[in-house]
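> The sequence and its predicted three-dimensional model are supplied below.
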Amino acid sequence: MVTIPTEPIGSIPRPLDLLEAIARAGDGFAPQLEPLYDAAIRDTIARFAETRSPVVTDGEQRKYHNFWTYCVHGMPNMAPDGFRIPFSDGHSRRMPRLTRGPFRYAVHGDRYLAAAQQYAAVPVKQAVISPSALSLLYPEDGIADYPREQFLDDLIDEHEREIRRCLALGAHAVQVDFTEGRFAVKLDPSGELLTSFIELNNLGLSRFSPEERRRIGVHTCPGGDRGASHSADVDYTELLPSLLQLDAGNFYVALAREPDRVRALKIIREHLQPDHRIFVGVISPVDPRIETPELVRDRVLEAASYIPLDQLGTTDDCGFAPFCDDTSITRDVAFAKIRARVKGTALAAELLGVGA
């Protein structure tokens, strides 16, 4: 039976008591925070259930301090003055900088997955960061006795290990966050940086079988933090054809905030492969206004005019709080939006004569 699946992207705003406790502790790994993390995960799963979401996440409640560098935070070979990510409202975020080899993860995503699975009655997906994002940890002037080539080998090994551990635990899907894809075009309009990112990520994906890749997806968005983006001004036509060259089965594509969704959908249709499923973004996490189910329904119907129903799904444009201190959207608003996505997808499926 043809269905229209719907999935969240990942992060949910953390409870304020958790954020306040992290601030007091000055360290997201302080032992006294463990009960608060556990409570936040249980509450997140419970509130997902109230939305009738068929797939859930842990809301990235324990990812300290963000979706990008959770896996290396606190490592002794990281300095705080790494790559800077500027956002449209003038604020910026900084990545760490690798100071010496070897490169290793401090934590893998299966830890978060296992915690969520304890409480979930429906399938749980797990978001992980892309190799191309983490490649920006390596300094431009290099590291003595640790060449970039060795770093990239170690990076791909860690990425593969993380995905395999999540798949082995029974993740519904493993979502590779590739928000830097659109940003790469902004950094290098020639497209060479984007091409290198695609090639690097495909090195990792090539280590998986076709069957495994059906459970692996790639998420792209223009970034979302404190209501701002880092690359929404980049034309989607510069990214989408390259994005669909990635050897993944699922693609989570931010579309709700796009000024010309039809143009983007036409590009997707042109480059769509038979084994792809496209989860179109129908909810904007950076907009505090709550979408109605009817608006979501109409966005799904629009997408169905360009993407075959058996290759269509719905999602949110981005996580609601990819950086843990982002309080621009409340938990209540985030779950209201998710509820609208689930209901709106079902309304569209009914009109289209398929399941949801």
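Perfect, thanks for sending it.
> Let me see the backbone angles for the residue nearest the centre of the chain.
Among the residues of the chain, the one closest to the centroid is residue 177, at 3.9 Å (Cα atoms, centre = their mean). When read as degrees, to the nearest 10, the backbone of residue 177 gives phi -80, psi 120.
> residue contacts, it?
Shown in contact with residue 177 (Cβ atoms under 8 Å, 6 or more residues apart in numbering): 10, 67, 68, 127, 128, 129, 130, 133, 219. In this view, the C-beta of every residue, glycine as well, is placed from N, C-alpha and C.
> Please narrow the residues you listed to those residing in strands.
Counting by DSSP state E, the contacts of residue 177 place 127, 128, 129, 219 in strands.
> Thought residue 73 was touching the third one, still the case?
I take that to be residue 129. No: counting by Cβ atoms under 8 Å, residue 73 is not a contact partner of residue 129; they are 11.5 Å apart.
> Alpha carbons of stretch 65-74, in PDB - could you do that?
Provided in PDB are the C-alpha atoms of stretch 65-74 (Å, rounded to 0.1, in the frame of the first residue of the first chain):
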ATOM      1  CA  HIS A  65      26.200  21.500  22.900                       C
ATOM      2  CA  ASN A  66      24.800  21.300  19.400                       C
ATOM      3  CA  PHE A  67      23.900  19.000  16.500                       C
ATOM      4  CA  TRP A  68      27.200  19.800  14.700                       C
ATOM      5  CA  THR A  69      30.000  19.000  17.200                       C
ATOM      6  CA  TYR A  70      28.200  16.800  19.800                       C
ATOM      7  CA  CYS A  71      30.600  14.000  19.000                       C
ATOM      8  CA  VAL A  72      33.800  15.800  19.800                       C
ATOM      9  CA  HIS A  73      32.800  18.200  22.500                       C
ATOM     10  CA  GLY A  74      35.200  18.200  25.400                       C
END
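> Now do the buried residues in it.
66, 67, 68, 69, 70, 71, 72, 73 (16 or more other Cβ atoms under 10 Å).
> Which two among the residues you listed are spaced furthest apart?
67 and 72 (12.5 Å; Cβ to Cβ).
> Chain neighbours aside, what residue packs nearest to residue 78?
Leaving aside its sequence neighbours, residue 78 sits nearest to residue 96 (Cβ to Cβ, 6 or more residues apart in numbering; 3.8 Å).
> Give me the phi and psi for that neighbour.
The phi/psi pair for residue 96 (degrees, to the nearest 10) is phi -70, psi 170.
> Kindly tell me how buried it is, as a neighbour count.
Residues contacting residue 96 under the criterion other Cβ atoms under 10 Å number 21.
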